[in-house]
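>>> sequence and predicted model, in that order:
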Amino acid sequence: MRWRPNLRLRLTIASTILTGVVLLLAVFFARNQISSVYTDAAGQLARSDLGPYVTDITKNPTETPDPPSLGVLALVVTPGGQRVVNTLPGDIADSVQGSADDSAAHGENRITSGSAGDYVIASTTVKTTAGTWRLWTARDVSARDFALDQVDLAFSLGGGALLVVLAIGSWFLAGAALRPVESMRRRAENLGPDDTLPVSSNDELGRLATTLNSMVGRVRRSAARERQMVSDAAHELRTPLAGLQSRLELAQREIGDGERAGVELELAQRSLERLSHLATNLLELARIDEGGPLAAHIANGRQLELAALDVVDSARITSAERAIDIDHAIELDPDARVGLDPTSFSRIVENLLSNAINAVDRDGLITLDLRSEVGRVVLTVEDDGPGAPADFLPRAFERFARPDDARSVSGSGIGLALVDALVRSADGSAQVENIPGGFRATVILPTA
């Protein structure tokens with residue numbers, strides 16, 4: 001695996017680089033300012049040197065101007081092109097006099113380089129009766145480069161020392177800032193089954209610890225649910241599997257008695273159907289727990305009606321031997337739409353009817369009512385069975401929850417849990433209750 005520096009080192013490098021960039025920008029700005037100030041000052045002096053010559057030529061246009069003071073660099077050219085005053089270095093004088101844009105540079109600071117160094121040139125013209133005089137003055141700015149070199153040296157030495165100090169300081173500051181994170185990591189690494197991370201403040205670390213504690217809690221609860229579900233599923237599957245094995249063994253023994261063997265095979269088939277139903281419900285619950293998508297997410301009133309009628313017809317066929325009467329009343333708005341696909345709605349109806357069929361006696365009565373109300377669709381399934389114990393009702397939708405009475409016969413405890421999960425996926429609600437002479441399950445689905 002490619003090596004990558006740790007966070008502490010990355011923070012140190014990043015802060016050092018950022019400071020270095022800031023220092024470079026500061027050097028660039030300082031150099032420009034110093035150069036500009038130095039050049040402007042020299043230009044001001046050069047322009048002030050032009051003043052005496054302009055005055056002298058204006059008053060005495062036919063006379064030769066007086067020589068400049070000591071140290072003043074000037075070039076004065078007569079209308080005829082003769083240099084009457086020239087204290088500029090030779091190459092500088094030739095350069096400025098030969099330049100075609102002297103008039104354009106009038107009054108501006110212009111840097112000209114010569115063999116003796118750099119000079120700021122100021123120029124002007126004086127129009128007289130004898131013609132136009134041209135004047136140049138200059139100031140040596142070679143000392144500017146020395147000042148800039150000193151600035152570079154100061155920033156190089158001072159900036160280098162500052163970067164070293166900053167890098168060392170950043171290393172220790174980053175270590176101090178990350179020390180609580182490392183402590184939290186070690187604590188998280190050694191968390192016990194019931195331990196949580198300490199939350200000692202309301203800063204970023206405190207909020208991180210709170211978030212991690214919440215995540216750990218969710219993981220623990222999920223793992224506990226999974227362990228419980230595996231345990232309960234194994235227990236529930238063991239019973240029909242044992243019954244199926246027993247029926248098949250009896251059928252094998254009665255192979256000579258065709259009628260008896262047929263009865264045992266029929267019972268084995270019922271155990272197999274129970275296993276298939278239980279496995280289907282478990283897979284559906286697992287899919288919902290994982291956030292798996294439902295088929296279409298939307299069903300209208302007509303689709304709900306057809307789904308309910310199909311399940312009622314199937315339930316009548318399977319319960320025909322027991323002479324159970326299944327009545328239904330459906331009054332749905334065809335345009336009503338709920339956030340549930342028809343297949344999932346069929347599972348809700350199927351599980352509620354299966355729960356009722358398991359509870360009622362021979363010749364029992366089951367009533368299904370499905371109707372539209374304002375803003376919702378309401379499904380109720382009632383039976384004339386023995387009802388459920390009062391202490392079971394609050395946990396009726398828990399997985400593998402079954403009452404210890406007649407309603408638990410051949411049930412797996414998964415059906416109502418699946419109903420609740422499907423209904424909640426559509427933002428609906430489900431409830432069960434005892435009624436006079438029976439039991440009622442109610443599902444409410446909001447309409448879009």
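On my side now, so go ahead. Remember, predicted model here, so these are calculated numbers, not experimental data. Numbering: from 1, shown residues only.
>>> CA only for contacts and neighbour counts going forward, please
Fine.
>>> OK, contacts around the nearest residue to residue 54 once chain neighbours are set aside?
In space, and not counting its chain neighbours, residue 54 is closest to residue 126: 6.6 Å by Cα to Cα, 6 or more residues apart in numbering. Shown in contact with residue 126 (Cα atoms under 8 Å, 6 or more residues apart in numbering): 54, 57-58, 132-135.
>>> count of neighbours near residue 13?
16 (other Cα atoms under 10 Å).
>>> how about the helices in the protein?
7-59, 90-98, 142-189, 204-253, 258-289, 301-318, 342-359, 415-425 (DSSP state H).
>>> quick one: average pLDDT of the fourth one?
Across helix 204-253, the average pLDDT comes to 70.
>>> ok, the first one next?
Mean pLDDT, helix 7-59: 85.
>>> for the third one, same thing?
For helix 142-189, mean pLDDT is 82.
>>> that one versus helix 7-59: what angle between them?
160 degrees (axes from the mean of the first three to the mean of the last three Cα atoms, to 10 degrees).
>>> in contact with the closest residue to residue 112 other than its chain neighbours, which residues?
Spatially, and ignoring its direct neighbours in sequence, residue 112 is nearest to residue 119 (5.3 Å; Cα to Cα, 6+ apart). Each residue near residue 119 by Cα under 8 Å, 6+ apart is listed here: 110-113, 138-142.
>>> distance between stretch 73-91 and the chain's centre?
74 Å (Cα atoms, centre = their mean, to the nearest Å).
>>> now stretch 330-338
Worked out by Cα atoms, centre = their mean, stretch 330-338 lies 39 Å from the chain centre.
>>> just give me the neighbour total for residue 345.
Neighbour number of residue 345 under other Cα under 10 Å is 21.
>>> equivalent analysis for residue 131, please.
Burial of residue 131 is recorded as 13 neighbouring residues (other Cα under 10 Å).
>>> got the contact list for it?
By Cα under 8 Å, 6+ apart, the neighbours of residue 131 are residue 79.
>>> how close does it get to residue 62?
10 Å (Cα to Cα, to the nearest Å).
>>> and residue 218, by the same measure?
Going from residue 218 to residue 62 by Cα to Cα gives 104 Å.
>>> turn the helices of the chain into JSON lines, including distance to residue 70.
What follows is these, written out as JSON lines (distance: least, Cα to Cα, whole Å):
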{"stretch": "helix 7-59", "distance to residue 70": "12"}
{"stretch": "helix 90-98", "distance to residue 70": "17"}
{"stretch": "helix 142-189", "distance to residue 70": "19"}
{"stretch": "helix 204-253", "distance to residue 70": "72"}
{"stretch": "helix 258-289", "distance to residue 70": "98"}
{"stretch": "helix 301-318", "distance to residue 70": "109"}
{"stretch": "helix 342-359", "distance to residue 70": "106"}
{"stretch": "helix 415-425", "distance to residue 70": "99"}
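>>> quick one, which of these gets closest to residue 438.
Distance to residue 438, taken as Cα to Cα, is lowest for helix 342-359 among those, at 9.6 Å.
>>> which other helices and strands contact that closest one?
Using 3 or more Cα pairs under 8 Å, 6 or more residues apart in numbering; DSSP states H and E, the elements in contact with helix 342-359 are helix 301-318, strand 365-373, strand 376-383, helix 415-425.
>>> weakest of the ones you listed by average pLDDT?
Minimum mean pLDDT among the helices and strands packed on helix 342-359: helix 415-425, a mean of 86.
>>> return the set of buried residues in that helix.
415-423, 425 (16 or more other Cα atoms under 10 Å).
>>> how far is that helix from where the chain is centred?
So, by Cα atoms, centre = their mean, the centroid of helix 415-425 is 31 Å from its chain's centroid.
>>> next: stretch 309-321.
Using Cα atoms, centre = their mean, the offset of stretch 309-321 from its chain centre is 50 Å.
>>> contacts for it, please.
Outside stretch 309-321, the residues that reach it (Cα under 8 Å, 6+ apart) are 324-326, 328, 346, 349-350, 353-354, 357.
>>> repeat that with 10 Å
The contact list for stretch 309-321 (Cα atoms under 10 Å, 6 or more residues apart in numbering) reads 303, 306, 322-328, 330, 345-351, 353-354, 357-358, 362-363, 368.
>>> returning to what we had before: out of the helices of the chain, which comes closest to residue 437?
Of all the helices of the chain, helix 342-359 comes closest under Cα to Cα, at 12.5 Å.
>>> could you check the angle helix 415-425 makes with that closest one?
Using the same axes, to 10 degrees: helix 342-359 against helix 415-425 is 150 degrees.
>>> what angle do helix 342-359 and helix 301-318 make?
Using the same axes, to 10 degrees: helix 342-359 against helix 301-318 is 30 degrees.
>>> got phi/psi on residue 323?
The phi and psi values for residue 323, taken as degrees, to the nearest 10, are phi 60, psi 40.
>>> what's the neighbour count on it?
14.
>>> equivalent analysis for residue 313, please.
Residue 313 has 11 neighbouring residues, counting by other Cα under 10 Å.
>>> distance of it from residue 320?
11 Å.
>>> do the same with residue 314
Counting by Cα to Cα - residue 314 and residue 320 are separated by 10 Å.
>>> which ones are touching the nearest residue to residue 200 once chain neighbours are set aside?
Using Cα to Cα, 6+ apart and skipping the chain neighbours, the partner closest in space to residue 200 is residue 206 (6.2 Å). When contacts are counted by Cα under 10 Å, 6+ apart, residue 206 touches 197-200, 212.
>>> which of these sits closest to residue 401?
Among the contacts of residue 206, and counting by Cα to Cα, the member closest to residue 401 is residue 212, at 31.9 Å.
>>> which residues are in contact with the closest one?
Residue 212 neighbours (Cα under 10 Å, 6+ apart): 188, 196-197, 206, 218.
>>> show the pLDDT at the residue nearest to residue 134 when sequence neighbours are not counted.
Nearest residue to residue 134, sequence neighbours excluded (Cα to Cα, 6+ apart): residue 125, at 4.5 Å. For residue 125, the pLDDT comes out at 89.
>>> number of nearby residues for residue 125?
By the measure other Cα under 10 Å, the count of residues near residue 125 is 17.
>>> so it makes contact with residue 137?
No. Contact criterion Cα atoms under 10 Å: residue 125 and residue 137 do not qualify, at 11.8 Å.
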